[in-house]
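J.: return a 3D structure for these sequence lines:
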Amino acid sequence: EASAEETKEFGESRLHTLFDEIEHLADDAKLTEGLVRTGVESVRSVSEILIYSKKKGLTYFEVFMERNLMGLFLRILKKANDELNKQIIQTVSILIQNIKKEEELFYMLSHEFMNELICFDFDLALNNELVDHFISFLKMLTINIIDESKIQFFYNK
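T.: Numbering: from 1, shown residues only. Okay, here's the model as predicted:
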């Protein structure tokens with residue numbers, strides 16, 4: 001049984017609040033420094049809550065799909081903010097590595113966000129940390145995730 005503090009920090013209502021913050025970030029035309037800082041923390045916290053829910057046998061991933069967080073990540077990615085993009089790459093990597101249900105993994109791999117992320121024109125010459133996260137993400141996909149049943153998601157038609 002979760003404590004009141006755990007429920008507050010890792011509960012479904014907290015997850016919805018974070019999704020609202022991320023949605024605001026995706027919709028906001030101007031990314032201020034404060035908005036970026038809040039966004040990075042919100043994206044990071046989402047991965048923590050989703051991993052926590054997996055370990056507790058909760059179904060928060062359904063909320064992740066219903067709220068189309070991958071679509072929000074795609075809209076944020078296109079804003080080309082290195083700090084946000086680095087956190088999104090890290091969060092998606094963590095989620096993919098911790099997903100055990102095949103249908104959830106298929107959902108993530110088949111979402112248009114994944115191909116957009118892989119093909120995204122990052123300005124890698126200016127940010128070594130972003131390069132490191134992106135290369136680690138690609139290595140994780142190729143070494144641990146992609147097999148014959150999943151390669152279909154990565155064909156660029």
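
J.: list the buried residues for the lengthiest helix in the chain?
T.: In the chain, taking DSSP state H as the definition, the longest helix is helix 33-55. The neighbour-count check on helix 33-55 (16 or more other C-beta atoms under 10 Å) flags 35-36, 39-40, 42-43, 45-47, 49-54 as buried. No exception for glycine: its C-beta is placed from N, CA and C like everyone else's.

J.: between these, which sits nearest F113?
T.: Checking those against F113 with C-beta to C-beta, the nearest one is V43 at 13.0 Å.

J.: how close does the spatially closest residue to M108 that is not a sequence neighbour get to S3?
T.: Spatial nearest neighbour of M108, chain neighbours left out: I96 (5.9 Å); criterion: C-beta to C-beta, 6 or more residues apart in numbering. Distance of I96 to S3, computed by C-beta to C-beta, to the nearest Å: 29 Å.

J.: neighbour count winner among those two?
T.: Neighbour comparison, I96 and S3: the larger count goes to I96, with 18 against 9 (by other C-beta atoms under 10 Å).

J.: for the helix or strand hosting E104, what does the pLDDT average out to?
T.: Taking DSSP states H and E as the criterion, E104 maps to helix 102-110. Helix 102-110 comes out with an average pLDDT of 87.

J.: tell me the buried residues in it?
T.: Of all the residues in helix 102-110, those buried under the rule 16+ other C-beta under 10 Å are 104-105, 108-109.

J.: same question for stretch 23-32.
T.: 23, 25-26, 31.

J.: for the chain, which segments count as helices?
T.: With helices called from DSSP H, the chain shows them at 4-10, 12-27, 33-55, 60-66, 69-77, 82-98, 102-110, 112-119, 128-140.
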